[in-house]
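1. model this:
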Amino acid sequence: RAGIEALSPDWVPAIWTPLELKKPGQISLWGRNYEISEGGLISSIGSQGSPILSSPVVVKYLVGGKERQFVIKAPTTRSAARGRVELDQQASSSDFDLSIKHRIEFDGMHLMTLAFTPKAKIGVDKLWVEVPFANAPFSVATGGSWWQHGLASDTIFQTPRAYQHIWLGNDDVGCAFFAENYKGWVINSSKPRVTLKTTGAVRTLNLLLVNEPSEISSPLRVEFGLQATPMKPLSQRQRETRAGNAVEPPPFNVLMTGAPYWNSTDSKPSPRNWQVLKDLVALTKSRNQQVNPYIAAFLVTPWDYIKRDTPFDGPFPIVKTKKDATRMEEFFYFKRDWSVVPTRLYTLEPETRNGLFTTPSSSYTDFFVGGVQEILKREPDFGGFFCDIASPRINSDPEKGLTYTTKDGVQEGTFESLATRDFYKRLYWLFEQRGGPDKKPWIVGHGFASSVPYAAFWDMTINGEEIKPDKNFGFTELVLQKSMEGNPIAILS
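-> Okay, here's the model as predicted:
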């Protein structure tokens with residue numbers, strides 16, 4: 001299982017620093033600090049010397065229109081390693097006992113598990129977690145196929161959505177909320193489950209664990225996380241990047257080279273033949289360029305649409321029918337394990353470019369990372385990958401416990417962000433064995449730089465494809481003027 005060393009709690013890549021646990025609940029890491037103490041779920045978060053929160057994160061609920069709050073005790077340390085600290089907290093109110101587990105890792109990922117146990121059957125109007133942000137004029141949010149970035153607005157969150165992540169911040173610092181799913185939340189899916197309330201300079205993100213009057217008679221367990229940004233320092237190598245396509249000559253120094261130049265499909269983690277990769281790397285190395293060939297991270301296209309004996313410099317005749325194409329036999333053997341549930345097809349013309357979306361919580365991760373390990377063994381100067389389809393699709397596999405039903409009877413699935421995090425951790429570990437931050441191959445992710453909790457392991461982010469203007473300068477008008485003021489670097493991974 002290549003790269004499995006990255007899942008050790010002691011692993012800390014060179015660009016970050018080991019966690020420092022000054023005392024129970026006070027944790028320092030690269031550029032940021034978290035304080036968990038008596039009275040709050042989180043007492044404070046700092047990034048680059050600036051406060052993220054205006055006041056502690058608290059848990060509240062309403063009974064009969066009257067607000068009640070939990071008394072939260074000081075934390076105890078469950079475990080402490082170089083790259084991971086785990087804490088426990090206990091809390092209570094007149095109606096509930098609450099157990100809280102915290103897990104904080106070297107890149108600032110802070111995962112929380114809250115377990116509520118009612119002391120007796122009780123009707124509550126609402127139960128929520130308040131996260132009050134200081135100086136956060138900008139937001140980035142995703143939910144399914146919906147996305148938003150620009151000026152933060154309370155009205156954005158009045159529409160009911162199952163958000164994957166929500167980032168709030170300014171030009172310098174910020175923090176993102178993330179949730180794989182809303183399992184355990186007592187929610188009516190037709191009503192907002194996350195809202196934003198602006199009061200002066202404070203924007204409070206409310207996580208509505210119970211979003212309408214409900215009777216609570218059994219324990220509730222919910223899991224979500226926060227991650228302060230920026231997540232890591234920018235290297236000089238990143239600052240000097242001039243990105244290009246195909247095999248364009250300098251001044252481009254990092255090339256996102258399309259699949260036909262090196263592969264037989266869009267997703268196979270190995271070249272169509274080893275001479276092709278050798279020739280591609282030799283050409284770009286002679287021009288002092290880094291090549292990051294295209295690969296789909298969470299999609300399998302199991303038919304060769306480029307023949308495997310095609311040379312690096314083409315031409316690239318397309319195999320148009322499946323009956324004439326070589327198959328990736330591993331996929332057809334592991335199809336049930338690798339595919340999200342329900343199966344989601346990816347369709348392009350010709351039919352040999354059709355594929356299925358994959359799940360990072362399957363043996364597909366072992367297959368993919370193992371293939372990359374072989375590439376690194378055979379081609380030491382390999383520059384890394386441009387990962388398209390770099391985020392997972394919703395998985396509703398009941399055998400893995402990834403589906404649940406909301407209070408109003410809607411079945412929802414899971415956005416497997418933690419398994420995706422492990423996927424990229426393992427790749428990052430392999431790449432780091434080739435050299436430090438100035439030499440290692442790169443993971444270039446196609447997606448939002450605020451895609452926590454896994455974008456920290458992307459060395460560079462490429463995005464903007466979702467903007468499709470229909471006139472000249474439409475991109476500028478739509479994104480930079482109407483929606484965005486300033487140019488926040490705080491979300492850079």
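2. Show the residue spans covered by the helices in the protein.
-> Assigned by DSSP state H, the helices in the chain fall at 236-239, 274-286, 329-338, 364-378, 417-432, 474-475.
3. so where's the stretch 351-493 of the chain uncertain?
-> By pLDDT under 70, the low-scoring segments of the stretch 351-493 of the chain are 464-493.
4. And the strands in it?
-> In the stretch 351-493 of the chain, the strands defined using DSSP state E, counting those that start in this stretch lie at 355-357, 384-388, 404-405, 411-412, 442-446, 460-462.
5. which one of these lies closest to F96?
-> Closest to F96 of the strands of the stretch 351-493 of the chain is strand 404-405 (C-beta to C-beta; 21.2 Å). For the C-beta atoms, the positions are set from N, CA and C on the backbone; glycine is no exception.
6. Report the strands that pair with the closest one, each with its relative direction.
-> Partners of strand 404-405 in the sheet, by DSSP bridges, are strand 411-412 (antiparallel).
7. got the contact list for the strand it pairs with?
-> With C-beta atoms under 8 Å, 6 or more residues apart in numbering as the test, strand 411-412 has contacts from A162, N181, Y182, S189, S396, T403, Y404, T405, T406.
8. hmm, try it at 6 Å
-> T403, T405 (C-beta atoms under 6 Å, 6 or more residues apart in numbering).
9. now do stretch 388-400
-> 296-299, 340-341, 344, 357, 359-360, 402-403, 413-416, 420, 445-447.
10. Grab the CA positions of that stretch and hand them over as CSV.
-> Output of stretch 388-400 as CSV, limited to C-alpha atoms (Å, rounded to 0.1, in the frame of the first residue of the first chain):
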residue,chain,number,x,y,z
ASP,A,388,-8.6,16.9,-13.0
ILE,A,389,-11.8,15.6,-11.4
ALA,A,390,-9.8,16.3,-8.3
SER,A,391,-12.7,16.2,-5.8
PRO,A,392,-14.9,13.2,-5.2
ARG,A,393,-18.6,12.8,-6.2
ILE,A,394,-21.3,12.1,-3.7
ASN,A,395,-21.3,8.4,-2.6
SER,A,396,-24.5,6.8,-1.2
ASP,A,397,-23.1,3.3,-0.6
PRO,A,398,-25.3,1.8,2.1
GLU,A,399,-22.7,-1.0,2.8
LYS,A,400,-20.3,1.7,3.9
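11. want to try CSV for the helices of the chain, with mean neighbour count and distance to D388 as columns?
-> Below are the helices of the chain laid out as CSV (neighbours: other C-beta atoms under 10 Å; distance: least, C-beta to C-beta, whole Å):
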stretch, mean neighbour count, distance to D388
helix 236-239, 12, 20
helix 274-286, 17, 18
helix 329-338, 15, 17
helix 364-378, 18, 13
helix 417-432, 23, 14
helix 474-475, 12, 20
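12. Out of the ones you listed, flag the one nearest W303.
-> Between the helices of the chain, helix 329-338 lies closest to W303; by C-beta to C-beta that is 9.4 Å.
13. That closest one vs helix 364-378, what angle?
-> Using axes from the mean of the first three to the mean of the last three C-alpha atoms, to 10 degrees, the inter-axis angle of helix 329-338 relative to helix 364-378 is 140 degrees.
14. thinking again about what came up before, any quick ChimeraX command for the buried ones out of the contacts of stretch 388-400?
-> The buried residues among the contacts of stretch 388-400 can be selected in ChimeraX (16 or more other C-beta atoms under 10 Å) with this line:
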select :296,297,298,299,340,341,357,359,360,402,403,413,414,415,416,420,445,446,447
